[in-house]
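S.K.: Predicted model follows, preceded by the sequence.
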Amino acid sequence: MKNIQRFLMILATVVFVSCGDEKKEQETITIGEEGTVERTTTTNTTARDTAGTTAEGTTRQKGVVQVNLTGNDQMQFNLKEIRVKAGETVRLTLKHVGQLPENAMGHNFVLLRKGTDVVDFATKAASASQNEYIPEGAEQVIVHTEMIGGGEETSIEFTAPEAGTYDFICSFPGHYIQMQGKFIVE
Ligand code: CO
């Protein structure tokens, strides 16, 4: 019973902490002798950082823009729009957060040249199964990742092309209908 009371007391203090009261944060540490409260404090800080950097799915560090793209088992990318600056180095990480294998729910990131007919390209890509659904010698492709399945992750690095709006898709057969977005270079 005494333990429960202590637990409730700690919870109440944590609520104050999340309201941003620095002094309460100190008091909390004094009460929580088993490290639980300290861990909570750390989590709060992390949550704030994450909220600040993932709004657009991109972060910038030392002149490199990191784009974090995910694909899931529902045939969806997490980003509908990616914004970068012309000439900067883009590091794009594609993570398949689903569980289905590559042959059933494969995902890649394919960046297409301006003016590419997406449907026309995706139709050609659909028959290039022997080449991870990238048509041989396709001039419409600026850059692409490998095709991955559930739980896998892949990264590519490239220089952002000239300013403009480009389409990106997943070229696995049929996926482009849902899995496409705008790659905007400013
Ligand atoms: Co896909």
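M.R.: The structure has been received and is ready for your questions. Numbers count the residues shown, from 1 in each chain.

S.K.: what's the closest non-adjacent residue to Lys80?
M.R.: Nearest residue to Lys80, sequence neighbours excluded (C-beta to C-beta, 6 or more residues apart in numbering): Gly181, at 4.5 Å. The C-beta positions use only the backbone N, C-alpha and C, and glycine is treated the same way.

S.K.: For the one you found, list each beta-bridge partner.
M.R.: Beta-bridge partners recorded for Gly181 (DSSP bridges): Phe168.

S.K.: what about it, neighbour count?
M.R.: Using other C-beta atoms under 10 Å, the number of residues around Gly181 comes to 18.

S.K.: The ion versus that one, what's the distance?
M.R.: Computed as C-beta to the ion, to the nearest Å, the Gly181 to the ion distance reads 12 Å.

S.K.: My read is that that residue contacts Tyr166, right?
M.R.: No. Contact criterion C-beta atoms under 8 Å: Gly181 and Tyr166 do not qualify, at 9.7 Å.

S.K.: follow-up on the earlier one: which ones are touching the residue nearest to Lys80?
M.R.: Residues in contact with Gly181 (C-beta atoms under 8 Å, 6 or more residues apart in numbering) are 77, 79-82, 167-168.

S.K.: Could you measure from it over to Phe77?
M.R.: Plainly put, Gly181 is 6 Å away from Phe77 if you go by C-beta to C-beta, to the nearest Å.
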